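S.K.: This is a predicted model, with the sequence first.
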Amino acid sequence: MPDFKLSGSKHFTRPLPILETGSISTPQSNEQQLPRPNIALSKDRKRRLFPLVKYHHQAGNHDSNAPVEFTARARDEIKRTLFLKDNESHNNSRKTSNSLDNKSLYSSDSSLFSLPQSQMTDGSSILTQVKPVNTPYVPQTPLIPLVTEISLEHALPSDFSDMYTRSTLLTNRLLPNGRPEFTIRELIDWPLNDTRSLLIINELRPEWGNKLPRIIGINPSGPKYRYQLLPLYCSDEFIIETLVGSDIYLEANLDHEFKLRSATYIVKTARERHQLMAGGAKERFMTLQRFEWRNIIENYLLNLAVEAQCRYDFKYNCNEFKKWKMQQQGISIQDTQHKVYLSHKEKDMIWQQCQSFVYRRLNLDWKPDALNNI
């Protein structure tokens, strides 16, 4: 049964009828005492009344015809005594009842000292059926409204203290948001895809109702943003699949094989470091710490960013090299009839030059590789 309460959620006790204080003191009667009529009785009549008079005398009534004011005084004294005792009992009962079940007692409309237990729902109705006093009170947990949509500003994390090791935070200059300075890279579309990498999370929030909310408040024709869940404890295959299926450098149209190869290599390297930290213990599923987990995501982001930058530079340098060859052959640049092609060796040379330049600019100790299938 629901717990009905008065508006304001306060219980109260209907006041008992208050006895007038004048009834306790001795009243002064203004009525004039009338003389008793002197009625002559026969001797037989007196004998018949004598036992009755004797009976009243034994009962302690010296005069069976006591004045009305004395009778009222006796009755009022009894009422006052009972009222005080009952009021004390009522207060004790009320304290006990409030501590057990937060209930209030109400006086009955038909009896002065009857106090049946009841509970009111409003000013005009009374429910006589309530929970027993010994029933424990179970507080109701308020329902949390589910969040199905969230703005990009509130979707991004605000604390990065556990995403990097203590030594990393102490040995690197920190940005205003608390991240190390190396998290800003002079690479193509870096801010966009760094933001996307921060939308990969390791756990759900309680208010989401076990479901990732949709990110709103962005231009429908602009870049795409969405949450992705990557727990700290999962298989290597799930980590690889999550990285490859993310929106990181979506617009660069990098081939699936390159992304899969990059993710596989990064997870393999992370497992080797994790196993070394665990004293050589081999785990089927790595139990990653937050900084290990974030390092995998940032390494994958950096690999794709460097690849996208190198491919962009490669296309530009190839076009510039074609213009140089046309000038060497005396062909006008505006001449569309003559086509100039680059050999595979020339393309491979340009590719390695692009890689070396990007690596040096980012202070990466990577070695240029052969020309990829671009």
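M.R.: That came through, no problem. Residues are numbered from 1 along each chain as shown.

S.K.: Quick check: Leu175 vs Asp194, distance?
M.R.: With distances taken as Cβ to Cβ, to the nearest Å, Leu175 is found 12 Å from Asp194. C-beta coordinates here come from the backbone N, C-alpha and C atoms, glycine included.

S.K.: One more: Ala155?
M.R.: Separation of Ala155 from Asp194 (Cβ to Cβ): 14 Å.

S.K.: what's Asp236 in contact with, if anything?
M.R.: Asp236 makes contacts with 267-268, 271, 286, as judged by Cβ atoms under 8 Å, 6 or more residues apart in numbering.

S.K.: Now, of the residues you listed, which are buried?
M.R.: Buried members of the contacts of Asp236, scored by 16 or more other Cβ atoms under 10 Å, are 267, 271, 286.

S.K.: between those, which is closest to Ala305?
M.R.: Nearest to Ala305 among the buried ones among the contacts of Asp236 is Val267, at 18.0 Å by Cβ to Cβ.

S.K.: Which parts of the chain are strands?
M.R.: For the chain, the strands defined by DSSP state E occupy 119-120, 126-127, 149-151, 200-201, 214-216, 228-229, 233-234, 286-287.

S.K.: so which of the buried ones among the contacts of Asp236 comes closest to Ser343?
M.R.: The closest of those to Ser343 turns out to be Val267 (Cβ to Cβ; 36.9 Å).

S.K.: Wait, that closest one touches Phe238, no?
M.R.: No: counting by Cβ atoms under 8 Å, Val267 stays clear of Phe238, with 9.8 Å between them.

S.K.: for the nearest residue to Val147 once chain neighbours are set aside, what are its contacts?
M.R.: Excluding the flanking residues, the one nearest Val147 by Cβ to Cβ, 6 or more residues apart in numbering is Glu207, at 4.7 Å. Residues in contact with Glu207, defined by Cβ under 8 Å, 6+ apart, are 144-147.

S.K.: Tabulate those in a markdown table, adding columns for distance to Gly330.
M.R.: What follows is the contacts of Glu207, written out as a markdown table (distance: Cβ to Cβ, whole Å):
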| residue | distance to Gly330 |
| --- | --- |
| Ile144 | 76 |
| Pro145 | 74 |
| Leu146 | 71 |
| Val147 | 67 |
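
S.K.: Among the residues you listed, which one has the most neighbours?
M.R.: Counting neighbours by other Cβ atoms under 10 Å, the top entry in the contacts of Glu207 is Val147, with 15 neighbours.

S.K.: what's the spacing between it and Leu204?
M.R.: 11 Å.

S.K.: in stretch 222-230, what counts as buried?
M.R.: 225, 227-228, 230.
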